[in-house]
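>>> No letters, just coordinates:
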């Protein structure tokens with residue numbers, strides 16, 4: 001994901017470790033994918049209660065995707 005000059009990379013935010021810990025705990029508890037992401041969003045909102053829910057969700061999901069998703073392109 002490309003970050004513009006006015007945006008900070010969410011991975012460098014102080015909430016990122018809490019987001020990933022919440023996501024991992026939910027995953028280990030075998031919660032649904034949606035519940036895992038929501039756990040991460042709740043963790044972000046706890047550290048940033050001043051942010052709108054939509055913006056907080058966007059940032060938390062960006063952290064999770066950057067940390068957990070890898071794009072694999074098979075050799076042709």
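Looks like it arrived, so ask away. Just so it is clear, the model here is predicted, and its values are computed rather than measured.
>>> per-residue confidence at residue 69?
Looking at residue 69, its pLDDT is 82.
>>> Please report how far it lies from residue 52.
Relative to residue 52, residue 69 is positioned 24 Å away (CB to CB, to the nearest Å). (Glycine included, C-beta is placed from N, CA and C.)
>>> between those two, which one's more packed in?
residue 52 (10 against 7; other CB atoms under 10 Å).
>>> give me phi/psi at that one?
Residue 52 adopts backbone torsions of phi -70, psi 150, taken as degrees, to the nearest 10.
>>> Is residue 14 in a helix, a strand, or coil?
Per DSSP: H, G, I helix; E, B strand; the rest coil, the local secondary structure of residue 14 is coil.
>>> what's the answer for the one 10 residues further on, then?
Three-state assignment for residue 24 (three-state DSSP): helix.
>>> Can you name the residues that contact it?
Contacts of residue 24 were listed using CB atoms under 8 Å, 6 or more residues apart in numbering, and none were found.
>>> Need the per-residue pLDDT for it.
For residue 24, pLDDT reads 97.
>>> in stretch 48-56, what counts as buried?
48, 51, 56 (16 or more other CB atoms under 10 Å).
>>> pretty sure the second one contacts residue 45?
Spelled out, that is residue 51. Yes: if you go by CB atoms under 8 Å, residue 51 and residue 45 touch, sitting 7.2 Å apart.
>>> can you pull the buried residues of the strand or helix carrying residue 65?
Assigned by DSSP states H and E, residue 65 falls within helix 53-68. Buried residues in helix 53-68, counted by 16+ other CB under 10 Å: 56, 57, 59, 60, 61, 62, 63, 64.
>>> and the fifth one, how far is that from residue 28?
Distance from residue 61 to residue 28, counting by CB to CB: 19 Å.
>>> With residue 17 instead?
Residue 17 is 16 Å from residue 28, where distance means CB to CB.
>>> More neighbours: which of the two?
For residue 17 versus residue 28, neighbours defined as other CB under 10 Å are more numerous around residue 17 (13 against 9).
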